[in-house]
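Enquirer: coords please:
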Amino acid sequence: MGQNAEAENVLSINVGIYALFKNVLIIGPIALSTKLAFALATPVRAILNLEKTKPYWLLALWYLAVIFSIIGLFVSFFSGLENKAGLTVGFRIALTMGVVLIPTLVSSKEKFLKQFDKIFILSAVSLGLGLMNAHWLFISFAFLPYLWYRFKSILLKAVIILCLGRIFVGLETTITIVTMILLSFIFLFLAKFKILNQKNLKYLGPLFILIPILITIYVIHMPVDKMGYDFTSIMGYVKFKLIGDRKPIWDATVLQMSNQNFFIAPSGSSLEVYFDYIDKWTEWPEGSHNIFLEIGRQTGVFCMLFFTFLLFRTLYFAFKSLSNKIECFIILSFTSIYLAFGLSGQHIVYDGVGFMYWLLIAQLAKFNSKVNENSTYLSS
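Expert: Below is the predicted model:
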């Protein structure tokens, strides 16, 4: 629920009381926020639990990626490449993605599920009352279908309806939210009737993980042609967002990465983007709008390849370790966020949202004990 006064498409949906507060401490070139402070605990946790933080070769590569990101931070600082995205963005990405390597933080899967439910009940209530801003609201919207299927309480279902109603405040800016909600409802509907279950998700899961990667590669290799866009239909608008709006940013990101060192990238630099539908060059400081390309732009190609592998590995084991319907609901809700953000944003690799996002997935993936899926209903 942190403050984010610059966030496009967020304050137009919901302005919370936290917009009144600033929570950043400036220390030289470093802007130390509460979010970054959480992420800084990751390497400490890994060292304190070194004997449990395995495999060691992945941990070593992650520390190397963190070192590369620190070098990139100072490259930007001394070369004057900083923009409003901040010098620490690459460092924050590297720290955030490392959270998947730390050991399990709770003692049992049953306790994890109870804590997990409390997190998203609180998120839904805060969202419904207008006490939330910044990008956690995107995550909260995607878990509304989970809460609807998970709980029997009429009061909670009323809160969920209230939250869904909030998307109509600024509907023109909520295509990512609408996509996540629709995907989540579809996935969870299929899971409720066992069309998607633990068994087939072990095979379909890797396919879901690959979809944003394959679409990114396909769109990047499409020829650049001026074309008209039909804004009167849903598919026409989706085509525009993917090709007219996203492709120029992705192309500019790929060009920037090709001109960077393979291992070191100047963190926080802007993009020079040519938008063909308006025939205009624009300095673009808002990120790559693609989680894979944003990692590459901010931390280098080596780190992009490494973190993509780490991301795939984490999600793969999460799908592989499913043992009941509730866990299917959870991982499918996370998957709807991954599919939407993988092609439209980059915040799930930043510390503000991504740290909690990947922490919860990683903890779910590391449990081996099985619990009765009906044993943790908080509202029945």
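
Enquirer: got the residue ranges for the strands in the stretch 101-250 of the chain?
Expert: For the stretch 101-250 of the chain, no strands turn up when DSSP state E, counting those that start in this stretch is the criterion.

Enquirer: burial measure for the closest residue in space to residue 208 that isn't next to it in sequence, as a count.
Expert: In space, and not counting its chain neighbours, residue 208 is closest to residue 335: 5.3 Å by C-beta to C-beta, 6 or more residues apart in numbering. Using the backbone N, CA and C atoms, a C-beta is placed for each residue, glycine as well. Residue 335 has 25 neighbouring residues, counting by other C-beta atoms under 10 Å.

Enquirer: wait, residue 335 sits on residue 207?
Expert: No: contact criterion C-beta atoms under 8 Å: residue 335 and residue 207 do not qualify, at 10.6 Å.

Enquirer: what's the average pLDDT for stretch 35-49?
Expert: Averaging pLDDT along stretch 35-49 gives 85.

Enquirer: now that stretch: buried residues?
Expert: Applying a neighbour-count criterion of 16 or more other C-beta atoms under 10 Å, one finds 35-36, 38-39, 42-43, 45-46 buried in stretch 35-49.

Enquirer: got it, and stretch 135-152?
Expert: 135-151.

Enquirer: before we move on, what about stretch 265-273?
Expert: Applying a neighbour-count criterion of 16+ other C-beta under 10 Å, one finds 265-271, 273 buried in stretch 265-273.

Enquirer: ok so residue 283 is a strand residue?
Expert: Yes: assessed by DSSP: H, G, I helix; E, B strand; the rest coil, residue 283 belongs to a strand.

Enquirer: how close does it get to residue 248?
Expert: 13 Å (C-beta to C-beta, to the nearest Å).

Enquirer: and if you look at residue 288?
Expert: Using C-beta to C-beta, one gets 11 Å for the distance from residue 288 to residue 248.

Enquirer: and residue 196, what does it touch?
Expert: 187, 190, 204, 328, 332 (C-beta atoms under 8 Å, 6 or more residues apart in numbering).

Enquirer: returning to that earlier point: more neighbours, residue 288 and residue 248?
Expert: When residue 288 and residue 248 are compared for neighbours, residue 288 comes out ahead with 25 against 21, by other C-beta under 10 Å.

Enquirer: low-confidence regions, the stretch 1-150 of the chain specifically.
Expert: Confidence mapping of the stretch 1-150 of the chain against pLDDT under 70 gives the ranges 1-31, 80-86, 133-134.

Enquirer: do a quick rundown of the helices in it.
Expert: 34-48, 56-79, 89-97, 109-128, 136-142, 144-150 (DSSP state H, counting those that start in this stretch).

Enquirer: contacts only, for residue 208.
Expert: With contacts defined as C-beta under 8 Å, 6+ apart, the neighbours of residue 208 are 335, 338-339.

Enquirer: per-residue pLDDT, it?
Expert: Predicted confidence (pLDDT) for residue 208: 94.

Enquirer: against residue 175, how distant is it?
Expert: Taking C-beta to C-beta, one finds residue 208 at 20 Å from residue 175.

Enquirer: if we can go back for a sec, report the angle between the helix or strand hosting the residue nearest to residue 208 and helix 109-128.
Expert: Following DSSP states H and E, one finds residue 335 within helix 325-344. Calculated by axes from the mean of the first three to the mean of the last three C-alpha atoms, to 10 degrees, helix 325-344 forms an angle of 50 degrees with helix 109-128.

Enquirer: keeping just the C-alphas, turn whichever helix or strand comes after helix 325-344 into CSV.
Expert: The helix or strand immediately downstream of helix 325-344 is helix 351-365, counting by DSSP H and E. Coordinates of the C-alpha atoms in helix 351-365 are reproduced here as CSV (Å, rounded to 0.1, in the frame of the first residue of the first chain):
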residue,chain,number,x,y,z
ASP,A,351,10.7,-4.6,-5.1
GLY,A,352,7.4,-2.8,-4.4
VAL,A,353,5.2,-5.6,-5.7
GLY,A,354,7.5,-8.3,-7.0
PHE,A,355,9.2,-9.0,-3.7
MET,A,356,5.9,-10.2,-2.1
TYR,A,357,4.7,-11.8,-5.4
TRP,A,358,7.8,-14.0,-5.8
LEU,A,359,8.2,-14.7,-2.1
LEU,A,360,4.7,-16.2,-1.9
ILE,A,361,5.2,-18.3,-5.0
ALA,A,362,8.6,-19.5,-3.8
GLN,A,363,7.2,-20.5,-0.4
LEU,A,364,4.3,-22.4,-1.9
ALA,A,365,6.7,-24.2,-4.3
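
Enquirer: give me the distance from helix 351-365 to the chain's centre.
Expert: 9 Å (C-alpha atoms, centre = their mean, to the nearest Å).

Enquirer: which strands and helices lie in contact with it?
Expert: Here helix 351-365 touches helix 34-48, helix 89-97, helix 109-128, helix 136-142, helix 301-320, helix 325-344, going by 3 or more C-beta pairs under 8 Å, 6 or more residues apart in numbering; DSSP states H and E.
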